[in-house]
Structure formats: structure tokens, C-alpha cells
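Colleague: any chance you could fold what I've pasted below:
(one chain, ligands or ions: 1)
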Amino acid sequence: MDKEQLQQIYTQEEYYWGREPNELAKRVSAFIPEGGRQGKKLLDLGAGEGRDSVFLAKLGFDVLAMDFSSAGLAKARRLAEEAKVSIRTLEGDLNDWVPDAEADVVYSIGTLQYLHPENRSRQFRHWQDRTAAGGLHVLFAFTRHPDVETAPDWGKNEYLYEPQELENYYPHWVTLASESVIFDCSSSGIPHRHAASILIAKKPT
Ligand SMILES: C[S@@+](CC[C@H](N)C(=O)[O-])C[C@H]1O[C@@H](n2cnc3c(N)ncnc32)[C@H](O)[C@@H]1O
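Modeller: Predicted structure coming up:
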């Protein structure tokens, strides 16, 4: 979907992606136990309407929700208020945005396909450089798969990853999880399937 479509969707009252967190957000806590979360800086790249940012803030993380949609971020702030947690929000474009502070966790789901292939090496390197030693990247990216057709609502500004491409950006990090998944989806109202990679990697200390 392009920015205008997303802005339009996000101006509606209903939460298009829902209010409940993704399963991947729940997995972050498995790697960072309760005592280690308070105040740890977590960056949610492409946070949308904030369902994961708010969930992760509830777990104790100091969350910066980044997205290029102001309307999405406004809903994220509203969701945080309702949940009585605080999150910070920032408008930016994945394709050139460099954080000005170090993060302990960089998290992203459903968004990395908007990072153009020619920008990927550079942007992953920036985000890695601005991650604390021992910090985690918890990432999900849609991938090409011979048995999975392109989704009906796939936009011209979205680019699939090759299988193993995410892993290739992390040659010197410790891989904690590297998974390929295929799952059903009904965004846009038309049932379809997606293939994706999940990578959880730790920066060496
Ligand atoms: C499928 S939604 C996922 C939102 C959220 N992560 C979730 O799971 O609910 C993808 C998000 O990426 C954001 N996005 C798309 N292109 C972007 C870009 N170039 N820079 C920053 N955010 C972008 C969209 O505004 C949208 O909120």
C-alpha cells in the first residue's frame, strides 16, 4: 500500500491491524527476562497503529515507535494512553532514517518490504551500528517463495526479500532464531498467503 492509502486507512476509527500484539512481539520477552527490560530502549520500525509498541511498553521497554504515517502514529499514541503507558513516536522514512541514539532492541514486523533493495545494506548497517553491544534485532520480512503468489494488496512500493537475505545482512551477529514461515492472511478482505523470514540476532559483546 502507498503512503496515501495507509494515511487514509489510519484516519478511520477502527484499528486496521488490530490492537492485539503480533506473536513476534511476545517472543521478545523470551530473550529479555523481566528484570532486564526496564528502561531498555526499543525501536519499533514501521510501528503503524502501535499494537506492538504499546505491548512492548507494557513489558517495561522504553519504546520509540517510528513510521512514516502521522495518522498511524497518532493512533499509536491513543492506544498507549488507553493502556496507560508512555511511548515516543517519530515520523521517518525507513529508506534514509538513522537513529540519533543507541537502541537495545530493534524490532520490525510487516514493514521491511518498504525498504528498497538498494538501500538495505546501508540501512541495516546504520541500525546495527546504533545498537548497544549485546542488543537484539527482532525482524520479520516478507520473502519470495515459489509456491506463494504475490498478495492482492501488495503495492508498487513493496519489495520481497530473497530467502536468507535478512540473515546475509548479519554475518557477524549471533543468530538466536532464523525461521521461514508461510501463513494465511485476509488483509484487504481477500484470503491469501504470505511467505516470510523471521530473524532474531544478537550483537556480539
Ligand atoms: C503492514 S503495516 C505494519 C504495522 C505494524 N508493524 C503492525 O504490525 O501492526 C506497515 C507499516 O509500515 C509503514 N511504512 C511503510 N513504508 C514506510 C517507510 N518507507 N518508512 C517508514 N514506515 C513505513 C506503514 O505506514 C505501515 O504502518
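
Colleague: grab the nearest non-local neighbour of the spatially most central residue of the chain.
Modeller: Per Cα atoms, centre = their mean, the C-alpha nearest to the average position across the chain is that of residue 108, at 1.5 Å. Counting by Cβ to Cβ, 6 or more residues apart in numbering, residue 45 is the residue found nearest to residue 108 once chain neighbours are left out, at 3.9 Å. In this view, the C-beta of every residue, glycine as well, is placed from N, C-alpha and C.

Colleague: could you measure from the one you found over to residue 110?
Modeller: To residue 110, residue 45 is 10 Å away according to Cβ to Cβ, to the nearest Å.

Colleague: the strand or helix carrying residue 125: what's the following helix or strand?
Modeller: Following DSSP states H and E, one finds residue 125 within helix 117-129. Using DSSP H and E, the helix or strand that follows helix 117-129 in sequence is strand 131-142.

Colleague: quick check: buried residues in that next one?
Modeller: 131, 135-142 (16 or more other Cβ atoms under 10 Å).

Colleague: reformat those as JSON lines; add pLDDT and distance to residue 121.
Modeller: As requested, those are exported to JSON lines (pLDDT from 0 to 100; distance: Cβ to Cβ, whole Å):
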{"residue": "131", "pLDDT": "98", "distance to residue 121": "16"}
{"residue": "135", "pLDDT": "97", "distance to residue 121": "19"}
{"residue": "136", "pLDDT": "97", "distance to residue 121": "20"}
{"residue": "137", "pLDDT": "98", "distance to residue 121": "15"}
{"residue": "138", "pLDDT": "98", "distance to residue 121": "20"}
{"residue": "139", "pLDDT": "98", "distance to residue 121": "15"}
{"residue": "140", "pLDDT": "98", "distance to residue 121": "19"}
{"residue": "141", "pLDDT": "98", "distance to residue 121": "14"}
{"residue": "142", "pLDDT": "97", "distance to residue 121": "18"}
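
Colleague: out of those, which comes closest to the ligand?
Modeller: residue 140 (8.5 Å; Cβ to the nearest ligand atom).

Colleague: would you check that that closest one makes contact with residue 107?
Modeller: No - using Cβ atoms under 8 Å, residue 140 is not in contact with residue 107; the gap is 9.0 Å.

Colleague: so what's in contact with the two at the same time?
Modeller: Common neighbours of residue 140 and residue 107 (criterion: Cβ atoms under 8 Å, 6 or more residues apart in numbering): residue 24.

Colleague: nearest spatial neighbour of the closest residue to the ligand within the chain, skipping sequence neighbours?
Modeller: As assessed by Cβ to the nearest ligand atom, the ligand sits closest to residue 48 within the chain, at 2.6 Å. Of all residues not flanking residue 48 in the chain, residue 72 sits nearest, at 4.9 Å (Cβ to Cβ, 6+ apart).

Colleague: that neighbour falls within a helix, correct?
Modeller: Yes - per DSSP: H, G, I helix; E, B strand; the rest coil, residue 72 lies within a helix segment.
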